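A.B. asks: Below is the structure, and that's it, no one-letter string:
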């Protein structure tokens, strides 16, 4: 069976196509959403999910969240007492492993194949990293699916009989994607796909953190917002709660306990809306660009689909409504849509008989090309001009070729640097790699080198340079320039990750609750703190007694107590 | 890309302009050639689909254009793969308050339109109307914004003379300048951008005063035809031609404003080859020199006035002859030849220095009989030299400093200076026997050989190494043969000019050929061998003259041994100098990476 995984910035989910429908698989806590958080406890053992997210506040140095934003980079996070370094893809692999375990427990059989979603706007490096994360988790990544396409699948675009046009507005924790899709005759065609890799719910949280920081930094004796990680994580947690509360209530308060003092700041909905104006403005340009590139008229759109937890915010909904003059569709839970879509794609992949035949075509959301130079009339050399070979929003798989010739007769080698981006100057684009091909000297400027870019359906780029005259051929599969990661190294890293001990599944609920208690302890003062402390030690004692019924009862009580103090757990 | 099947074959339907049918066919085929399974088949199918849709769209486009509606709020021009709204599609979900915002936008748009179409131009009012439209909250809605964008583009393209001040504001608001290269830009917006470009161009013409702007002014203002002719023929560069080229490609509207007659004249001029200023002066200099040389035969001060008149008359006549000869004997055929192939001309042209040598033979022969005939031949010789010069390409633009050495003329001068000096020395020793004609002719022959060399080298390099070696061996043999000939025929007075010329021709050949040899050990040995061949030739020549001929003429002269030493030194300087120049050039042009 192939599972579909939504690997999100804030939360992840896993789903399966079964009995003619897509369903989400619950984790060991019984939730369908698993926070994308990884933590190491004091014994150096692994904690993934809600428990890890709670530990973000109590043990910020041991926990990592929102690492999807750094996917594809070499930014290492150190966790735990031993200061173990993890790459973002390794952290994602740990989350994927946990989801894999959940799926196996639910289905009662081993799971090896998966469809993983990525933001449509993810570049090549980020996609490779996601693929590697799957491999490190022991999963064969059948397909990398773009999140907006998954959302469209979840909205049953594939079940419609008439021509339909969708605009998918996906505002997640860390990324923003806009896609325009069209369905006709059983073909789902992505017409355009754009987005902003640096815009998400977290950015709205930052606004609230800023407000709190401005009000309280002097009193708290903080010199910079992120200077003190413990304080910053607590502010972040409070900001998240506050933002969610503002979705339903006109005002909310952020409270922080710091050095035996309690600090707070109240924010009204209007204040929040005002401070978020700039971010809301940033939502417009990807939408405009996607519409323009698709060539579709706005009033011919049938559905505007909202995906991603951040679209629950009234300010976002209002902005979307203003943009399109109609209420967007939100029948499917915005947090679950992508995972359900991934499950549907998994089903399509397995050619499950329950799914009507639908073919999905996707586009490449960015332009790919090489850096060239030209001679100005004065004879000077201008380098760093981008020559696109595959233009953005070209249907994939695509293979395009362009001829080039060396500038100077005396050259014996030509180097091609491959870039991804839209700017005319290569300095503003992302360099993916480079390759060289020898040219016959003495006549170099008359030699023609054909460069072919082949972009496959998973978004992996292969570059081929060919000189018809001499028959030279050079190929390059775009991989991370710094580390050519071989299969052996992947295997080695997988084994080292496997060495991290995970607790037995049955303990998860208790651990999550303990982590939550510890967080509340950190965040409270005085009497409340005492209260939580007592409750915690009581709970630990009950667990050690191994009496299942007593544990169950204690758990319920503790949860209720924490809910009263903390507000309910959100995901 | 579609291989043997036409696009309709790939789609599996007959040719049609019904878009729905094309789509259905594409969808059917897509299920067979799944993009995940058959990447290349899918690409073929996709190409066929897009092309079919494009063809279908064009026919509906024409139909739509035939029934044009009001310019305001116009329809979007469909893209090559358009997305038409089928008739039986359920209507989109009704908007919240569609009429309200749309009505507001329509009202503001009409207000702007009436302000622009009003009889009296009221700039502030137009500006205000535009600002109100662009800042209205109705434009928050993307579909309204789209409609307004198309409507404004059509309106501005229509009313351009009046609405110039508004153009910038609109272009910036809708980012038309940033989207210029994208297909999603409406056609009317492109027209607006073109018009904006025209305005910027015209304002830059007024502000900046350089060659190009003056060319533009000359194009647009009527001028005396003969003045234009003279200016065109006397200058080396023709900015008017460049400006016309630029205008016809980038500024079609401004191009249309230039008088038709001017455009036609310049088109004819571009096709006809013209003399360049440099060659004009060169021709003049040569003719002055030759006339002076001719006139130097006259003795006495009393003839100086007549002498001056002679100089003037022959100077003018010869200059005119040179220009005309250059124009219609050299340039025209060259242009015709260049039309047929890019790059260097075929080997017939490559032997361009050979006629010079042949003519030099006649020149040398004639020196002994008719003086003025010698001059005619000398002029023809320099014309042929100019042929070589012209055919191998124009002189590069002159830049001071390090680039001085890059200029071919300077390099040629440096290379040939030792030999010119050698010839001068030789002539000084031989007196009138050689004559100035020969000197000038040989000098020009050297120039020509230098200029013709790149062409020769190009063709020499194309030969396989085996053939190249053969040629070099023949050259060496030729040199040795010459030496033998000179030794044998030195007694024969009549053969001497022939021998001299032959010797010099061989020297030229020896000089020219080693260069295209591949670098490395072979290079040095070949250069040395040929260099020695040249040395031997020169020694033989000078010895021959010493051994034979009137002893008296040579008694005052330095010994042949000294001459030989002088030659050696000059040749060495020349060779080293050339090497230095070439290496310097090679270092400068090495590619950065």
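C.D. replies: Yep, it's here. This one's a predicted model, so the numbers in the text were calculated from it and none came from an experiment. Residues are numbered from 1 along each chain as shown, chains lettered A, B, ... in the order given.
A.B. asks: From now on I want contacts and neighbour counts done on CA atoms only, so please keep to that.
C.D. replies: OK.
A.B. asks: List the buried residues for the helix or strand residue A:540 falls within?
C.D. replies: Using DSSP states H and E, residue A:540 falls within helix A:526-545. By neighbour count on 16 or more other Cα atoms under 10 Å in any protein chain shown, the buried set for helix A:526-545 is A:529, A:532, A:533, A:535, A:536, A:539, A:542, A:543.
A.B. asks: possible to save these as JSON lines with pLDDT?
C.D. replies: Output for the buried residues of helix A:526-545, formatted as JSON lines (pLDDT from 0 to 100):
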{"residue": "A:529", "pLDDT": "83"}
{"residue": "A:532", "pLDDT": "87"}
{"residue": "A:533", "pLDDT": "88"}
{"residue": "A:535", "pLDDT": "86"}
{"residue": "A:536", "pLDDT": "87"}
{"residue": "A:539", "pLDDT": "87"}
{"residue": "A:542", "pLDDT": "86"}
{"residue": "A:543", "pLDDT": "84"}
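A.B. asks: residues from the stretch 351-500 of chain A in reach of chain B?
C.D. replies: Proximity of the stretch 351-500 of chain A to chain B (Cα under 8 Å from any Cα of the partner chain) is limited to residues A:357-359, A:361, A:397-399, A:408, A:410-411, A:414-415, A:456-457.
A.B. asks: neighbour-wise, which of those leads?
C.D. replies: When neighbours are counted by other Cα atoms under 10 Å in any protein chain shown, residue A:397 leads these with 24 neighbours.
A.B. asks: That residue and residue A:277, how far apart?
C.D. replies: In this view, residue A:397 and residue A:277 are 39 Å apart by Cα to Cα, to the nearest Å.
A.B. asks: which intervals of the stretch 1-150 of chain B have sub-threshold pLDDT?
C.D. replies: In the prediction, the stretch 1-150 of chain B carries residues with pLDDT under 70 at positions B:1-5, B:60-98.
A.B. asks: Could you rerun that using 80?
C.D. replies: Within the stretch 1-150 of chain B, the set of residues satisfying pLDDT under 80 comprises B:1-7, B:14-17, B:34-37, B:39, B:54, B:57-99, B:117-122.
A.B. asks: for the nearest residue to residue A:257 once chain neighbours are set aside, what are its contacts?
C.D. replies: Spatially, and ignoring its direct neighbours in sequence, residue A:257 is nearest to residue A:523 (5.2 Å; Cα to Cα, 6 or more residues apart in numbering or on different chains). Listed by Cα atoms under 8 Å, 6 or more residues apart in numbering or on different chains, the contact set of residue A:523 reads A:234, A:256, A:257, A:258.
A.B. asks: Just send those residues back as TSV, with pLDDT and secondary structure too.
C.D. replies: Listed next are the contacts of residue A:523 as TSV, based on pLDDT from 0 to 100; DSSP: H, G, I helix; E, B strand; the rest coil:
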residue	pLDDT	secondary structure
A:234	85	helix
A:256	84	strand
A:257	81	strand
A:258	81	strand
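A.B. asks: between these, which has the most around it?
C.D. replies: Going by other Cα under 10 Å, residue A:234 tops the contacts of residue A:523 with 24 neighbours.
A.B. asks: and the residue nearest to that one when sequence neighbours are not counted, helix, strand or coil?
C.D. replies: Nearest non-adjacent residue to residue A:234, counting by Cα to Cα, 6+ apart: residue A:57, 5.4 Å away. At residue A:57 the chain is in helix, as set by DSSP: H, G, I helix; E, B strand; the rest coil.
A.B. asks: ok, back up a step: quick one: which of the contacts of residue A:523 is nearest to residue B:57?
C.D. replies: Nearest to residue B:57 out of the contacts of residue A:523 is residue A:234 (Cα to Cα; 58.6 Å).
A.B. asks: can you tell me if the helix or strand in which residue B:144 is found touches chain A.
C.D. replies: In this assignment (DSSP H and E), residue B:144 forms part of helix B:142-158. Yes - for helix B:142-158 and chain A, the contact criterion (Cα under 8 Å from any Cα) is met by B:142, B:143, B:146.
A.B. asks: Equivalent analysis for stretch B:18-26, please.
C.D. replies: Yes - using Cα under 8 Å from any Cα as the criterion, contacts between stretch B:18-26 and chain A involve B:23, B:24.
A.B. asks: List the contacts of that stretch.
C.D. replies: By Cα under 8 Å, 6+ apart, the residues outside stretch B:18-26 that reach it are A:184-185, B:11-13, B:16, B:45-46, B:49, B:52-53, B:56-57.
A.B. asks: change it to 10 Å
C.D. replies: Stretch B:18-26 is contacted from outside by A:184-187, B:8, B:10-16, B:27-30, B:45-46, B:48-50, B:52-57, B:60, B:81-84, B:86, using Cα atoms under 10 Å, 6 or more residues apart in numbering or on different chains.
A.B. asks: Buried ones in it, by neighbour count?
C.D. replies: Of all the residues in stretch B:18-26, those buried under the rule 16+ other Cα under 10 Å are B:19, B:22, B:23, B:24, B:25, B:26.
A.B. asks: For the fifth one, give me phi and psi.
C.D. replies: Meaning residue B:25. The phi and psi values for residue B:25, taken as degrees, to the nearest 10, are phi -60, psi -40.
A.B. asks: Could you check how far it is from residue A:201?
C.D. replies: Remark: distance between residue B:25 and residue A:201 (Cα to Cα) = 43 Å.
A.B. asks: likewise the second one?
C.D. replies: Residue B:22 sits 43 Å away from residue A:201, taking Cα to Cα as the criterion.
A.B. asks: Repeat that for the third one.
C.D. replies: As judged by Cα to Cα, residue B:23 and residue A:201 stand 39 Å apart.
A.B. asks: re the thing from before, run through the neighbouring helices and strands of the helix or strand that the helix holding residue A:540 is followed by.
C.D. replies: Using DSSP H and E, the helix or strand that directly follows helix A:526-545 along the chain is helix A:548-566. Applying 3 or more Cα pairs under 10 Å, 6 or more residues apart in numbering or on different chains; DSSP states H and E, one finds that helix A:548-566 contacts helix A:508-523, helix A:526-545.
A.B. asks: Direction-wise, compare helix A:548-566 with helix A:526-545 and give the angle.
C.D. replies: Calculated by axes from the mean of the first three to the mean of the last three Cα atoms, to 10 degrees, helix A:548-566 forms an angle of 160 degrees with helix A:526-545.
A.B. asks: got the angle between helix A:548-566 and helix A:508-523?
C.D. replies: Going by the same axes, to 10 degrees, helix A:548-566 makes 30 degrees with helix A:508-523.
A.B. asks: and helix A:548-566, which residues are buried?
C.D. replies: Across helix A:548-566, burial judged by 16+ other Cα under 10 Å covers A:551, A:554, A:555, A:558, A:559, A:561, A:562, A:566.
A.B. asks: between these, which is closest to residue A:471?
C.D. replies: Using Cα to Cα, residue A:566 is the member of the buried residues of helix A:548-566 that lies nearest residue A:471, at 70.5 Å.
A.B. asks: so the closest one makes contact with residue A:520?
C.D. replies: Yes - the pair formed by residue A:566 and residue A:520 meets the contact definition of Cα atoms under 10 Å, at 7.2 Å.
A.B. asks: Next one: the closest residue to residue A:429 other than its chain neighbours relative to residue A:366, how far apart?
C.D. replies: Closest residue to residue A:429 apart from its sequence neighbours, by Cα to Cα, 6+ apart: residue A:421 at 4.8 Å. Note on residue A:421: its distance to residue A:366, by Cα to Cα, is 6 Å.
A.B. asks: Mutual contacts of the two, please.
C.D. replies: The overlap between the contact sets of residue A:421 and residue A:366 (Cα under 10 Å, 6+ apart) consists of A:123, A:388, A:391, A:392.
A.B. asks: The third one: how many residues sit nearby?
C.D. replies: Using other Cα under 10 Å, residue A:391 has 18 neighbouring residues.
A.B. asks: Please consider this matter closed, and thank you.
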